[in-house]
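Asker: Everything below, folded, please.
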Amino acid sequence: MTVPLQNLLAIAPGYAQTLATALSGIRPEELARASQFLPAVSATIQRGVAVIPINGPIGRGQFMNLVEGCDIDRLTDAIRDAADNDAVRAILFDVYSPGGAVEGLATACDEVRRAASRKRVEAHVSDLCASAAFMVVSQCHRISASRMSLCGSIGTRWVLLDCSEMLAKAGVKVIDLNTSPLKSAGDPMVPFTEAHGKYFGGLVETFFSDFVKTVAAGRKMSEQAVLGLADGQLHVASEAVTLRLIDAVDTFPSVLSRLQAGETSFKIRSENQMIDNSTARPATLAELRESVPNMDATFYLAQLESNATILQAQADAIAMLQQRAAAAGGAPKRHGVKTLEEHVGAGVRDASVGAVAEFGDQVAERMRAGLGRRDAVRAVAGAHPELHAAYVASTNPNTRRVQDLVAERFA
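Answerer: Numbering: from 1, shown residues only. All right, here's what the predicted structure looks like:
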């Protein structure tokens, strides 16, 4: 039989069972020997660059020796030592990891953020950077990956067993003495109740919320954009670049050589900062045009006059687009108002309608998953920027002319 993983995990799909299988059949004496030695995570300093490996499943304690994993406490120590070492100009993480347990992750992320406030910090992915591993390196200034690497898998999970019925059928009576019904929650010999589900579900959501906030801060994305990508999926490097999960497709030797050659620039970060400052202050025109493209001059002017932040402007834009889509969906044609077909021609109309329909389907799917319409639209826009652009162009056929007017007026 396999050993169940009873910890809260941030790990790529399929790897949890692989890890459990690797731990099955371990004899007590093997575990005792492993517990005498904690796995080391040490940096090698190569011409001023501290290379820190993140290899294998991430966890804490003696089990990491048995599965050739990465002990989170040793990793945190290595990050702290490299940040405090005056001989180190830059830090480079060499990553091949499916993720792992969440214990100690927040502290490791805080140390990466602290290091990034003092020197250049980058990560390179060799084949796999998933879940907990991605959460850690998301705090770097830059993430690159080899061409066919897989990145992402944002999410948390907790797998629990309920063996109470099996024991009862075998004639085994479990006597559970506790001071509170939740004290025995998660014990496989005790029946799993609705209260247990709410309790563990709340913990999963709490860690997931911190995961999303951490990635959003490190990758300079809105939390809604990260939520749109938090479906557990892994993405090939080129797709991960498009989704802004990573910055470039590159090789490890190339990245190391560039850092050794002297690229040490970095932006000072507050060690306690958990959001991008640009989302908390009034946006400039350039930021509005980049974060909320394809809107008309009146919209941009109204946002500037109201001192709107980027997130406020995005919310207003989404509400406006929803109104336009609703009006275009079934409203009768008014006198003097051209249809989409009259604007762009029948040939383009089919593709445009397809974009609107697909965008609507994506929004509806997220609403069925529990998001409100406003949040669902923002999630789809963040996860599928090209589809979003096609949708906006379809519902605002004068996009090019409007942008020209805005450029002429505000540039």
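Asker: Pop the domain breakdown of the protein in here.
Answerer: Domain ranges of the chain: 9-159+191-260, 277-410, per automatic domain parsing.
Asker: okay, those domains, which one's buried deepest?
Answerer: By mean neighbour count, with neighbours taken as mean count of other Cβ atoms under 10 Å, domain 9-159+191-260 ranks first of these at a mean of 19. From N, CA and C alone the C-beta is placed, and that goes for glycine too.
Asker: now residue 298: how far from residue 318?
Answerer: Residue 298 is 17 Å from residue 318, where distance means Cβ to Cβ, to the nearest Å.
Asker: Now do the strands in this protein.
Answerer: 9-11, 44-46, 49-55, 58-59, 70-71, 90-97, 99-101, 120-130, 142-145, 150-152, 234-236, 248-249 (DSSP state E).
Asker: Residue 230 contacts residue 209, correct?
Answerer: No: using Cβ atoms under 8 Å, residue 230 is not in contact with residue 209, being 10.3 Å away.
Asker: Where does pLDDT dip in the stretch 151-300 of the chain?
Answerer: The stretch 151-300 of the chain contains residues with pLDDT under 70 at 263-280.
Asker: Quick one: the helices in it, in order.
Answerer: For the stretch 151-300 of the chain, the helices defined by DSSP state H, counting those that start in this stretch occupy 164-169, 194-219, 223-229, 237-242, 252-260, 285-291, 297-305.
Asker: which strands and helices sit next to the longest one?
Answerer: Helix 194-219 is packed against helix 105-116, helix 132-137, helix 223-229, with contacts defined by 3 or more Cβ pairs under 8 Å, 6 or more residues apart in numbering; DSSP states H and E.
Asker: mind running it again at 10 Å?
Answerer: Helices and strands touching helix 194-219, by 3 or more Cβ pairs under 10 Å, 6 or more residues apart in numbering; DSSP states H and E, are strand 9-11, helix 105-116, helix 132-137, helix 223-229.
Asker: what touches both of residue 230 and residue 209?
Answerer: Contact criterion Cβ atoms under 10 Å, 6 or more residues apart in numbering; residues bridging residue 230 and residue 209 by contacting each: 156, 223.
Asker: Could you find the closest non-adjacent residue to residue 252?
Answerer: In space, residue 252 comes closest to residue 124 once its chain neighbours are excluded; the distance is 4.8 Å by Cβ to Cβ, 6 or more residues apart in numbering.
Asker: Likewise for residue 362?
Answerer: Spatial nearest neighbour of residue 362, chain neighbours left out: residue 380 (4.4 Å); criterion: Cβ to Cβ, 6+ apart.
Asker: Please look at that neighbour and residue 389 and confirm they touch.
Answerer: No: contact between residue 380 and residue 389 fails when scored by Cβ atoms under 10 Å: they sit 12.0 Å apart.
Asker: got a list of what the nearest residue to residue 300 once chain neighbours are set aside touches?
Answerer: Computed as Cβ to Cβ, 6+ apart, the closest residue to residue 300 that is not its neighbour in sequence is residue 288, at 5.5 Å. Shown in contact with residue 288 (Cβ under 10 Å, 6+ apart): 282, 295, 299-301, 303-304, 308, 310, 313-314, 317, 406, 410.
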